[in-house]
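Student: Have a look at this prediction, sequence included:
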Amino acid sequence: MLFERPGGGEKAILIHLHTQEMDEREDPQEFQELAHSAGAECVAFIEISRYQPSAKFLIGSGKVEELHAQVKALQAELVIVNHTLTPSQERNLERALECRVIDRTGLILDIFAQRARTHEGKLQVELAQLDHMSTRLVRGWTHLERQKGGIGLRGPGETQLETDRRLLRIRVKQLKQKLEKVRNQREQARRGRQRAEVPLISLVGYTNAGKSTLFNELTHSLVLAADQLFATLDPTLRRLELPDKGRVVFADTVGFIRHLPHKLVEAFRATLEESANADLLIHVIDAHEPERMLQIEQVLKVLQEIGADKIPLLEVYNKIDLMDDVEPQIQRDDNGKPQRVWLSAQNNQGLDLLIKAIDELLSDDIYTGTLRLSPSLSKLRARFFETNSVQKEQIDEQGNSLLTIRISQIDLSRLLTKEHLNKDTFLQEYTI
Ligand SMILES: Nc1nc2c(ncn2[C@@H]2O[C@H](COP(=O)(O)OP(=O)(O)OP(=O)(O)O)[C@@H](O)[C@H]2O)c(=O)[nH]1
């Protein structure tokens with residue numbers, strides 16, 4: 001889909017540095033895609049090799065002079081550096097090059113600012129932008145350029161308050177309060193969903209794997225699916241009826257990316273926490289991508305960090321239309337459980353198989369049984385009632401509650417802590 005370039009395509013020179021010291025963390029190819037995604041018109045891509053980064057400019061002063069000449073010759077408005085710059089490196093470069101300079105964090109924040117769709121996402125981005133800006137306030141260009149807008153200057157943070165640290169602190173406080181409120185509302189909505197026993201299925205995956213495309217196809221919703229990184233920043237929820245399981249909620253989440261600047265991990269985390277509450281994760285993988293193993297690893301690492309690694313997971317190998325001799329199919333594990341579905345979201349091939357696999361996994365996942373809870377476990381008893389999973393209750397002569405429950409395995413494991421399981425005198429389990 002053609003996407004209107006924000007900012008009218010500022011002329012940008014991209015700098016990627018190779019050094020002996022820094023490991024080759026950032027990928028030059030991905031960097032160009034990110035810059036393109038932000039709306040930059042790349043007039044030069046320069047790779048510089050250096051033994052170690054310079055404290056003053058990151059790159060050597062000789063290179064800075066060459067770069068200055070190029071900025072003039074190409075009439076570049078912006079230089080984007082594919083690394084994290086200290087505030088003083090950024091300032092020194094701006095003075096020497098006589099144009100704006102932003103680093104990788106600034107670039108990614110700009111993309112986030114353009115893509116945030118929900119209220120919460122916008123608040124998160126603004127907070128991260130203000131944080132990034134707070135160390136970079138003393139700048140000649142700030143005031144003037146901000147009125148024009150441009151990469152690194154857009155988004156909710158572009159009011160006049162950047163010149164005043166005191167106002168900045170007040171704004172940060174306000175934003176944190178607003179975020180808290182929005183999070184509470186979301187938490188309530190989540191509880192409501194749990195009470196109504198609607199399973200949540202969360203699509204996760206590396207950026208550009210095709211989550212939004214799959215989400216659109218699955219839900220016929222109008223979620224943006226564009227050939228750009230981060231087409232989604234906020235989890236977006238849609239309802240869908242599955243043939244067997246009935247009503248479920250699908251969540252599309254933000255794409256993961258390698259080496260996300262540290263400051264942004266927090267902003268990301270909140271949007272991803274939704275995934276930690278899912279009953280099933282669909283891990284969308286670009287089957288045609290040579291680096292897919294690295295991408296899978298990265299996604300699994302993030303899932304572990306947000307405590308979502310125990311949730312049942314179904315892999316979707318997407319984009320099989322780009323591969324030879326691969327047919328839509330379900331791959332199963334030794335127990336016959338669906339493990340991986342090969343499909344093409346774009347060509348709508350194999351979606352029926354995915355729906356079948358989801359249906360199977362969700363239906364398989366129900367625990368039915370009777371638990372005996374001693375009176376000291378009244379809190380746990382109340383939680384079962386809250387989640388609407390109690391089918392019958394009897395009280396025995398000792399005052400224990402005999403609860404017949406029907407609940408998903410994942411919710412059951414969430415409710416039962418290690419302590420409950422260890423004290424088997426408090427809890428006995430009878431399978432019906
Ligand atoms: N050939 C092919 N392209 C696909 C398929 N599914 C998605 N794409 C393309 O892949 C690109 C990325 O798709 P998105 O759905 O935006 O990916 P995403 O995972 O949501 O991306 P982020 O929002 O960055 O996380 C788009 O250009 C899609 O058209 C597919 O099955 N086959």
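Tutor: Structure's in. What do you need? Residues are numbered from 1 along each chain as shown.
Student: Which residue comes closest to the residue of the stretch 301-432 of the chain found nearest the ligand once chain neighbours are left out?
Tutor: The nearest approach of the stretch 301-432 of the chain to the ligand comes at Q346, 3.4 Å away (CB to the nearest ligand atom). Every C-beta, even on glycine, is put in place using the N, C-alpha and C of the backbone. In this structure, Q346 finds its nearest non-sequential neighbour in T213, 5.7 Å apart by CB to CB, 6 or more residues apart in numbering.
Student: So that neighbour is in contact with L343, correct?
Tutor: No - T213 is beyond contact range of L343, at 10.8 Å (criterion: CB atoms under 8 Å).
Student: So the two - more neighbours on which side?
Tutor: L343 (29 against 22; other CB atoms under 10 Å).
Student: what residues are up against that one?
Tutor: Counting by CB atoms under 8 Å, 6 or more residues apart in numbering, L343 touches 316-318, 320, 328, 349-351, 353-354.
Student: Most neighbours out of those, which is it?
Tutor: Tallying neighbours with other CB under 10 Å puts N318 at the head of the contacts of L343, with 27 neighbours.
Student: was I right about it contacting H283?
Tutor: No - with contact defined as CB under 8 Å, N318 does not reach H283; the gap is 10.2 Å.
Student: Can you work out which residues contact both of T213 and L343?
Tutor: Listed as contacting both T213 and L343 by CB under 8 Å, 6+ apart are N318.
Student: re earlier: helix, strand, or coil at the residue of the stretch 301-432 of the chain closest to the ligand?
Tutor: Secondary structure, DSSP: H, G, I helix; E, B strand; the rest coil: Q346 is coil.
Student: and it, how many neighbours does it have?
Tutor: 17.
Student: Let me see the mean pLDDT of stretch 310-321.
Tutor: Averaged across stretch 310-321, pLDDT comes to 94.
Student: scratch that, stretch 333-342 is what I was asking about
Tutor: Mean per-residue pLDDT for stretch 333-342: 89.
Student: For the stretch 51-200 of the chain, just list every one of the strands.
Tutor: Along the stretch 51-200 of the chain, counting by DSSP state E, counting those that start in this stretch, strands occupy 78-81, 100-102, 200-205.
Student: what's the closest of the ones you listed to the ligand?
Tutor: Closest to the ligand of those, according to CB to the nearest ligand atom: strand 200-205, at 5.5 Å.
Student: Kindly format the C-alpha coordinates of that closest one as PDB.
Tutor: In PDB, the C-alpha atoms belonging to strand 200-205 read as follows (Å, rounded to 0.1, in the frame of the first residue of the first chain):
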ATOM      1  CA  LEU A 200      -7.700 -13.400  24.100                       C
ATOM      2  CA  ILE A 201      -5.400 -14.300  21.200                       C
ATOM      3  CA  SER A 202      -2.500 -12.100  20.700                       C
ATOM      4  CA  LEU A 203      -0.500 -11.800  17.400                       C
ATOM      5  CA  VAL A 204       3.200 -11.200  18.100                       C
ATOM      6  CA  GLY A 205       6.200 -11.200  15.800                       C
END
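Student: which of the residues in the longest helix anywhere in the chain are buried?
Tutor: Counting residues, the longest helix in the chain under DSSP state H turns out to be helix 165-195. For helix 165-195, the neighbour count (16 or more other CB atoms under 10 Å) marks 168, 171, 175, 178-179, 182, 186, 194 as buried.
Student: With stretch 281-295 instead?
Tutor: Buried residues in stretch 281-295 (16+ other CB under 10 Å): 281-289, 295.
Student: Considering only those residues, which also neighbour the ligand?
Tutor: Contacts with the ligand are made by none of these, judged by CB under 6 Å from any ligand atom.
Student: Could you identify the most distant pair in these?
Tutor: Spatially, the most separated pair among the buried residues of stretch 281-295 is L281 and H288, at 21.5 Å (CB to CB).
Student: on that earlier part again, would you reformat the contacts of L343 as TSV and include secondary structure?
Tutor: Listed next are the contacts of L343 as TSV, based on three-state DSSP:
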residue	secondary structure
V316	strand
Y317	strand
N318	strand
I320	helix
P328	coil
Q349	strand
G350	coil
L351	helix
L353	helix
L354	helix
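Student: Ramachandran angles for R406?
Tutor: Torsion angles at R406 (phi, psi; degrees, to the nearest 10) stand at phi -130, psi 120.
Student: for H18, same thing?
Tutor: Main-chain torsions, H18, degrees, to the nearest 10: phi -110, psi 130.
Student: Could you do E289 as well?
Tutor: Dihedral angles of E289 (phi, psi; degrees, to the nearest 10) stand at phi -80, psi 120.
Student: Check G210 too.
Tutor: phi 110, psi 20.
Student: Show me what the residue nearest to it when sequence neighbours are not counted is bridged to.
Tutor: Of all residues not flanking G210 in the chain, N318 sits nearest, at 4.3 Å (CB to CB, 6+ apart). Assessed by DSSP bridges, N318 has beta-bridge partners D286.
Student: Can you tell me which of the buried residues of stretch 281-295 is nearest the ligand?
Tutor: Of all the buried residues of stretch 281-295, V284 has the smallest distance to the ligand: 6.1 Å, by CB to the nearest ligand atom.
Student: How about the contacts made by the closest one?
Tutor: V284 neighbours (CB under 8 Å, 6+ apart): 203-205, 209-211, 214, 316, 318, 345.
Student: low-confidence ranges in the stretch 251-400 of the chain?
Tutor: Low-confidence segments of the stretch 251-400 of the chain (pLDDT under 70): 254-272, 274, 364-366.
Student: which residues in it form strands?
Tutor: Assigned by DSSP E, counting those that start in this stretch, the stretch 251-400 of the chain shows strands spanning 280-286, 313-318, 329-332, 338-342, 366-373, 390-395.
Student: The ones you listed into TSV, with extra columns for distance to L242?
Tutor: Converted to TSV, those look like this (distance: least, CB to CB, whole Å):
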stretch	distance to L242
strand 280-286	11
strand 313-318	13
strand 329-332	15
strand 338-342	13
strand 366-373	14
strand 390-395	22
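Student: how about these, which one is nearest A40?
Tutor: strand 280-286 (23.8 Å).
Student: Between strand 338-342 and the closest one, find me the angle.
Tutor: Counting by axes from the mean of the first three to the mean of the last three CA atoms, to 10 degrees, strand 280-286 lies at 30 degrees to strand 338-342.
Student: tilt between strand 280-286 and strand 313-318?
Tutor: 30 degrees.
Student: Just the C-alphas of strand 280-286, formatted as CSV.
Tutor: The C-alpha coordinates for strand 280-286 follow below in CSV (Å, rounded to 0.1, in the frame of the first residue of the first chain):
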residue,chain,number,x,y,z
LEU,A,280,-2.9,-18.1,23.1
LEU,A,281,0.0,-16.4,21.2
ILE,A,282,0.2,-16.5,17.5
HIS,A,283,3.9,-15.9,16.6
VAL,A,284,3.9,-14.6,13.0
ILE,A,285,7.2,-15.3,11.2
ASP,A,286,8.3,-14.2,7.8
